[in-house]
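[1] Here's a sequence, model it:
(chains A, B, C and D)
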There are 2 protein chains.
Amino acid sequence: MKDDTISGEQLLSMLAALANPHRLRIIAALQSQGRNYVSQLAREIGISRPLLHLHLQKLEDAGLVTSQLELSSDGKALNYFEVSRFALEITPVAIAEAAKSLSTHLDP
Amino acid sequence: MKDDTISGEQLLSMLAALANPHRLRIIAALQSQGRNYVSQLAREIGISRPLLHLHLQKLEDAGLVTSQLELSSDGKALNYFEVSRFALEITPVAIAEAAKSLSTHLDP
DNA sequence: TTCATGTGTAAGAAAATTATTACACGTGTA
DNA sequence: TACACGTGTAATAATTTTCTTACACATGAA
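    I've put the predicted structure just below:
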């Protein structure tokens, strides 16, 4: 028996995190070139560091990337990000299943 | 040889269309209860008809649902919607592949 | 000390999305 | 004719998301 179940809220947060061109590129970059720290990634992608910070936050909140603070040899604190391993199966059936656990505006 | 390739824009529009609780419920309803027309669906989901209309439009633009105007026996024009058959594989690798064809702000 | 590098975040502007309200139009029936 | 039901859409408001700018703080090297 397989359990591909995911909560509606969880699914929604991942979809929302992915529904942005910058964030798709961020994941693509981390997937293709491997882990990277914020400032360097901002330069490679071509967006400002505060903006990248915001997008990384959303991705991390959704569990799509993880971060690890490290000290470089020259003493700087670098925050390295890498993509999580995830696999979402998006089909009408999977959505119907997940939607069962979606809270409504007029809940209990 | 399999070709799961999807354009970045296409992927993005589907993700954006899915990243909303109402729209997940719409797909879930159409999947579980089958095709339905706008007014009836609005009543079942519990949102206004104009609002549902807006959400259905986004889903249809993304190709996730289709519509067909039909005449009921008592002469009314009913617009029936149903879910398309789709299956998205969302993984870091798939995203990296799709992101190759994502236009940038500073394109050609 | 000053500069270059890294980190984070707060405040406000700009843009996009979501939601409501009010119209307009059509058909069958009382 | 008036009502009930269906359709769509335009205009506005409300909310959320995105983006920029400016700050604050830390370390090593010149």
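[2] how about the residues of chain A that lie near DNA strand C?
    When proximity is defined as Cβ under 7 Å from any atom of the strand, chain A approaches DNA strand C at A:37-40, A:49-50, A:53, A:57, A:67, A:69, A:76-79. No exception for glycine: its C-beta is placed from N, CA and C like everyone else's.
[3] redo that, cut-off 6 Å
    Where chain A comes near DNA strand C, counting by Cβ under 6 Å from any atom of the strand, the residues are A:37-40, A:49-50, A:53, A:76-79.
[4] Show me which of the residues you listed are buried.
    The neighbour-count criterion (16 or more other Cβ atoms under 10 Å in any protein chain shown) marks A:37-38 among the residues of chain A next to DNA strand C as buried.
[5] Pull the most distant pair out of the residues of chain A next to DNA strand C.
    Farthest pair in those (Cβ to Cβ) is A:50 and A:76. Separation: 18.3 Å.
[6] Now do the same contact list for the residue of chain A found nearest DNA strand C.
    DNA strand C sits closest to residue A:39 of chain A, with a gap of 3.0 Å, by Cβ to the nearest atom of the strand. Residues in contact with residue A:39, defined by Cβ atoms under 8 Å, 6 or more residues apart in numbering or on different chains, are residue A:49.
[7] which element follows the host helix or strand of it toward the C-terminus?
    Following DSSP states H and E, one finds residue A:39 within helix A:38-45. For helix A:38-45, the following helix or strand on the C-terminal side (DSSP H and E) is helix A:49-61.
[8] Who does residue A:83 form a beta bridge with?
    residue A:65 (DSSP bridges).
[9] pLDDT wise, what is it at?
    With respect to pLDDT, residue A:83 has a value of 98.
[10] For chain A, just list every one of the helices.
    Ranges of helices within chain A are A:8-18, A:21-33, A:38-45, A:49-61, A:92-99, based on DSSP state H.
[11] Figure out which of those is closest to residue B:20.
    Within these, the stretch nearest residue B:20 is helix A:8-18; the backing value is 7.9 Å (Cβ to Cβ).
[12] what packs against the closest one?
    helix A:21-33, helix A:49-61, helix A:92-99, helix B:8-18, helix B:21-33 (3 or more Cβ pairs under 8 Å, 6 or more residues apart in numbering or on different chains; DSSP states H and E).
[13] Distance to residue B:94 and mean pLDDT for those - can I get that in CSV?
    Written out in CSV, the entries for the helices and strands packed on helix A:8-18 read as follows (distance: least, Cβ to Cβ, whole Å; pLDDT from 0 to 100):
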stretch, distance to residue B:94, mean pLDDT
helix A:21-33, 10, 98
helix A:49-61, 16, 98
helix A:92-99, 16, 98
helix B:8-18, 8, 97
helix B:21-33, 20, 98
